[in-house]
Each structure stands twice: as structure tokens, then as C-alpha cells.
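Peer 1: give me coordinates for this.
(one chain, ligands or ions: 1)
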Amino acid sequence: MKGKLVLLTSLLTSFILLFYVATGVRAENPKEQVGRGPLTKITFIHYKKAFAKPPWAGGNNTTAVKCYGFLARGAKWKIQEPYYVNPTDSGLSSSFVENAVTTGVGEWENYAGNVFGNGNVDASASYNEGNLDGVNTASFGSYPDNAVIAVTNVWGYFGGPPQTRELVEWDMLFNNSSEWTWGDGLGDPTLMDVQNIATHELGHSFGMADLYDTSCNLETMYGYSTEGETSKRDLNSGDIQGIQELY
Ligand SMILES: [Zn+2]
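Peer 2: Presented below is the predicted three-dimensional model:
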């Protein structure tokens, strides 16, 4: 009886192992890997200055602060994918918006190397609620909260061993709030600077997290902005240290 039980148990174990091997080999999604957890979406909401801290921001740290953070350690791009910029409803020219976003990408890639594929203007590129649809997009539209400047959703595998983690999609929405007008904040400080906000949001797309400690307020990844701000166009020392550690 005991011998039969042992045989049955070992047979079952073999079947389970075989099942794992078989499904691993036949995985539909080439990015699927055993042991790194589910594909998950992280949403970053960028608020205008002077509004209350979002609940996840936490308190200010009184000890030495590291001015960079990751979505998850090791969670980065491993395959080059193109991205699509939709200037519709921005009130700006297509070339202005394209230039603002691609320059933002270039600023991160100055330190990370080539991470993204080509940027393309595409009037059909849609935020699509940040849903997973296999397309990386930046577009303009209305967001229900007028204090929100922009929202970026990043999809990826954020669990499991860091070397198995991976980013697989990003979708960015610039809010057409009645509170401000988008444009070139260098030329006119009353405007919300597209390149400034795009460079911050793209930081999330590359794998960087928000910073809310005021001692990090010179970093591109600092969590607040306002009209006329252009300091986020250029990476600061913490941003550079972080992106170089990730890539
Ligand atoms: Zn942010």
C-alpha cells in the first residue's frame, strides 16, 4: 500500500513537472517567463504644485535622501519598441509636440543608451485608459481631475528576481485642463512646458519612480510641476545616477 502511494506521488510529480516544461516551451507570449509574477500596470499621476500630496507620497525623510527610485529594481526595457505621439487636441503644431517628446527621450538615452525604437507622429495613437494594447503612446486629452498635469501608465513584470523583471508598455496622457495652456515654457512662463512634463513622464516609461522629498526638487523625477517650469528638461545628478544604475 505504502509503495503504491509513493509510486502515485512520484508519477503525479512527474506529470506536474512535464506540464510546466511543456507550457514553458509553448508559451504564446515570448515575454512570458516562469517565476516572475503577473504582468502588472503601475499608474503615475503628476500633480500641479500647491496641491495636496497624493496619499502614496509619504512623509519627508530627515536622513540622507537618495534622489532616485525605480518602479521595481531591475524592471527595465529589454526589447526596443517604437512609440507613437499624437499631437491632436494639444493646440500645438505636430512638429512642436513631436520634438518635445523625442527630445525628452533623447535626454534619458544620453545616459541609458538606446532604449526605445523610433518615435512617430500618429493621429490615431490613443491613451486607451492606459490599457495593455501593445502600443506605446503619448497623447492629449481630458482627465477628470483638473489638478493633474499628466498621467503615465507603465506595464511590466515587477515581481520575481530582478533580472527577470521587464517593462513591456507605456501610455501617457497630457491633461487638457482648463487650468493651463500647453506650449513652450521657455518662451512664455505662463505656459505648461510640454518638453518639461514629457521628460518627467518619460522617466516613468524608462522605469523611474516619482520623488516627493523636497530635497530632490531639482530632479526631473520630482513629483510636482507648474507653469513655466523647464528644469525637468535636463536630467539632474540623481536622475543620471538612477538611469545609469538601471541600464
Ligand atoms: Zn511622475
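Peer 1: ok, now how distant is the closest residue to Gly203 other than its chain neighbours from Leu202?
Peer 2: Leaving out its chain neighbours, the residue that sits closest to Gly203 by CB to CB, 6 or more residues apart in numbering is Met221, at 5.0 Å. For glycine as for every other residue, the C-beta is placed from the backbone atoms N, C-alpha and C. Met221 is 10 Å from Leu202, where distance means CB to CB, to the nearest Å.
Peer 1: OK, contacts around the residue nearest to Gly203?
Peer 2: Listed by CB atoms under 8 Å, 6 or more residues apart in numbering, the contact partners of Met221 are 67-69, 200, 203, 208-211, 238-239, 242.
Peer 1: the ion next: which of the residues you listed are close?
Peer 2: Among the contacts of Met221, proximity to the ion is found for Asp210 (CB under 5 Å from the ion).
Peer 1: quick check: phi and psi on the residue nearest to Gly203?
Peer 2: Here is the backbone geometry of Met221 (degrees, to the nearest 10): phi -90, psi 10.
Peer 1: same deal with Thr220?
Peer 2: Per degrees, to the nearest 10, the backbone of Thr220 is at phi -60, psi -30.
Peer 1: quick one: contacts for it?
Peer 2: Thr220 neighbours (CB under 8 Å, 6+ apart): 107, 199-200, 203, 231-236, 239.
Peer 1: do the same with Asn176
Peer 2: Asn176 sits next to 89-90, 140-142, 182 when contact means CB under 8 Å, 6+ apart.
Peer 1: on that earlier part again, just the ones of the contacts of Thr220 in strands?
Peer 2: For the contacts of Thr220, not one is inside strands, with DSSP state E as the criterion.
Peer 1: what about the strands in this structure?
Peer 2: For the chain, the strands defined by DSSP E occupy 39-48, 83-86, 119-121, 136-141, 148-157, 166-175, 182-183, 192-193, 224-225.
Peer 1: near the ion, anything from the first one?
Peer 2: I take that to be strand 39-48. Yes. Strand 39-48 lies within reach of the ion by CB under 5 Å from the ion, at 44, 46.
Peer 1: in this protein, which spans are helices?
Peer 2: Assigned by DSSP state H, the chain shows helices spanning 2-25, 94-112, 194-206, 237-246.
Peer 1: among the contacts of Asn176, which one is most surrounded by other residues?
Peer 2: Neighbour counts for the contacts of Asn176, by other CB atoms under 10 Å, peak at Trp182, which reaches 25 neighbours.
Peer 1: pLDDT at that residue, what is it?
Peer 2: On pLDDT, Trp182 comes in at 98.
Peer 1: how about Val151?
Peer 2: pLDDT recorded at Val151 is 98.
Peer 1: ok, it to Ser237 distance?
Peer 2: Taken as CB to CB, the span from Val151 to Ser237 is 27 Å.
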